[in-house]
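Student: Have a look at this prediction, sequence included:
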Amino acid sequence: MTQKQKKYLNILIKLLIVGLAFWFVYSKVSNQKNLAVFTKLVNGLDSQLLNSVLLIVLLLMFVNWALEIVKWKYLLKDLETLSFWKATKSVFCGLTWAIFTPNRIGEYGGRIMLLRNQNRAKGAVLMGVGLFAQLVLTSFFGALSIAWFVTTFLHTPTSINFGIWMIAVVYALGFVILYFNVHWIDYWIGKFKILKRLRPFFSVLLDVKPKMLFNVLSLSFCRFFVFTSQYIILMLVILPEISILSMILMIFILFFVQAAVPTLDLFDFSVRSFVASNLFSYVTTQDIAVMAIVSCIWFVNLILPAIIGSFFVLNVNYIGDNNS
């Protein structure tokens, strides 16, 4: 392929990615009834209070992704040194790719494209470690919250309640144990002939020490705290009748279900709204308000970052000078 052909192919790929991203944003936001409902709901609130709350939620979005950028830099520190700015472009490019790919799988491709060719496969594996850390927290708190939900609202016998809590604790701890022994993945890949050629890439897991895993999990916990806070802040203003404990535990269950159900970001807001309205119906009758809050945070946390990322996508070279 000539340099001129590569140049035009690069432009075509960039335009395709940005076009798909903006098509998604336009098609979903223009038809997003819950966002319109959210606007109506907040019209009756004090405007100064509302502006302050929405500003805090927006600022927390930047804090959330800043923590992810720091985590991404930290995961790559022994593989490739990234400046904060380059790590920022990498993360936001991944977010743009993610919104139109099944189960956000495109986030891997979008993010590692800014790494050196020889580091991309190992970078994807390390990115998986970071995502797994987030999943550990979602699964840990989600499992315990589901046990609380079942034993509180479904009126199960005491003997069954004990079993439910035991299953939840074992499930939660199982994720923690697997996370701190992530190098097992490299071992099991070596056991399957069909996967053996991938083992050199997964060998990077052998260099991931417990201290590094703990630090990554700590950064992930900070992110978990931040996006939980976004929900709490909006709900305290719009749905003050819900007790803070029930509110937090329901949010944890919502995160758990979202992580457990494979979906396309194209339909993600529908899944979030449906799950949230059914869950929170046990603690409030304001299901429309719940769906509106979920949609607002969906827009702030996913759509706005994807729009920002689309500008970074235009600066990525997708067709290099070799076939790596």
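Tutor: Alright, I've got the coordinates.
Student: Scan the protein for its longest helix.
Tutor: helix 120-153 (DSSP state H).
Student: Check which residues of it are buried.
Tutor: Across helix 120-153, burial judged by 16 or more other C-beta atoms under 10 Å covers 120-151. Where C-beta positions appear, they are placed from N, C-alpha and C, glycine not excepted.
Student: and residue 189, how many neighbours does it have?
Tutor: 18 (other C-beta atoms under 10 Å).
Student: Next up, the contacts around it.
Tutor: Contacts here follow C-beta atoms under 8 Å, 6 or more residues apart in numbering; on that basis residue 189 touches 195-196, 198-199, 202.
Student: could you redo the residues you listed as CSV and give each row distance to residue 274, secondary structure and pLDDT?
Tutor: Below are the contacts of residue 189 laid out as CSV (distance: C-beta to C-beta, whole Å; DSSP: H, G, I helix; E, B strand; the rest coil; pLDDT from 0 to 100):
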residue, distance to residue 274, secondary structure, pLDDT
195, 36, helix, 70
196, 42, helix, 71
198, 37, helix, 75
199, 41, helix, 76
202, 36, helix, 82
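Student: and residue 192, what are its phi and psi?
Tutor: Note on residue 192: its backbone torsions stand at phi -110, psi 120 [degrees, to the nearest 10].
Student: where exactly do the helices run in the stretch 51-200 of the chain?
Tutor: All helices of the stretch 51-200 of the chain, identified by DSSP state H, counting those that start in this stretch, fall at 84-98, 106-112, 120-153, 158-179, 184-189, 199-202.
Student: And the longest helix of the chain, what does it pack against?
Tutor: helix 47-76, helix 106-112, helix 158-179, helix 199-202, helix 210-238, helix 244-260 (3 or more C-beta pairs under 8 Å, 6 or more residues apart in numbering; DSSP states H and E).
Student: Now do residue 230, the pLDDT please.
Tutor: If you check residue 230, the pLDDT there is 95.
Student: my bad, residue 265
Tutor: 49.
Student: From what I see, residue 210 and residue 181 are in contact.
Tutor: No: applying C-beta atoms under 8 Å, one finds residue 210 not in contact with residue 181, separated by 9.3 Å.
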